[in-house]
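Novice: can't give you the sequence, but here's the structure:
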């Protein structure tokens with residue numbers, strides 16, 4: 001509890017109604033000094049702290065989920081078949097005829 005500053009006159013300057021809560025594991029700090037009642041400010045501060053911790057946890061879960069999904073899609077290769085040239089082309093520019101690719105001779109494409 002502490003005395004808040006700002007407009008409010010004698011009551012605000014003399015009475016310790018402001019509340020500051022710190023979540024020790026995360027270091028999140030919230031304050032509440034909106035009400036003249038310490039009990040009301042404490043209730044509001046606890047709500048704000050819970051909201052902040054929940055938002056932090058949701059953000060962490062979101063980052064972890066995105067990291068997992070990014071790992072699923074990296075390192076893939078793409079091959080393009082150009083019908084009028086009858087060749088398969090790898091990302092690196094290596095080309096093999098479609099007949100060779102269908103016969104299983106795609107070594108040059110995989111080493112590209």
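Specialist: Sure thing, it's come through. Computed from a predicted model, the values in this text were never measured in an experiment.
Novice: Let me see the domain layout of the chain.
Specialist: Split into domains by automatic domain parsing, the chain comes to 9-73, 79-111.
Novice: These: lowest mean pLDDT?
Specialist: When those are compared by mean pLDDT, domain 79-111 comes last with a mean of 73.
Novice: What are the buried residues along that domain?
Specialist: 87, 88, 89, 90, 94, 96, 101, 106, 109 (16 or more other Cβ atoms under 10 Å). For the C-beta atoms, the positions are set from N, CA and C on the backbone; glycine is no exception.
Novice: isn't there a strand covering residue 22?
Specialist: Yes. Assigned with DSSP: H, G, I helix; E, B strand; the rest coil, residue 22 falls within a strand.
Novice: So in terms of bridging, what pairs with it?
Specialist: Assessed by DSSP bridges, residue 22 has beta-bridge partners residue 29.
Novice: ok, it to residue 106 distance?
Specialist: Distance, residue 22 to residue 106, using Cβ to Cβ, to the nearest Å: 61 Å.
Novice: now do residue 97
Specialist: Distance from residue 97 to residue 106, by Cβ to Cβ: 11 Å.
Novice: okay, and the common contacts of those two?
Specialist: Shared contacts of residue 97 and residue 106 (Cβ atoms under 8 Å, 6 or more residues apart in numbering): residue 88.
Novice: most residues in a single helix of the chain, which one?
Specialist: Secondary structure of the chain per DSSP state H: the longest helix is helix 38-73.
Novice: Can you point out the buried residues in stretch 46-53?
Specialist: 48, 49, 52.
Novice: and the nearest residue to the last one once chain neighbours are set aside, what does it touch?
Specialist: Leaving aside its chain neighbours, residue 52 sits nearest to residue 28 (4.9 Å; criterion: Cβ to Cβ, 6 or more residues apart in numbering). If a contact means Cβ under 8 Å, 6+ apart, then residue 28 has 22, 49, 52, 53, 56 as its contacts.
Novice: you'd agree the fourth one is up against residue 26?
Specialist: Yes. In this structure, residue 53 sits in contact with residue 26. The criterion is Cβ atoms under 8 Å, and the distance is 6.5 Å.
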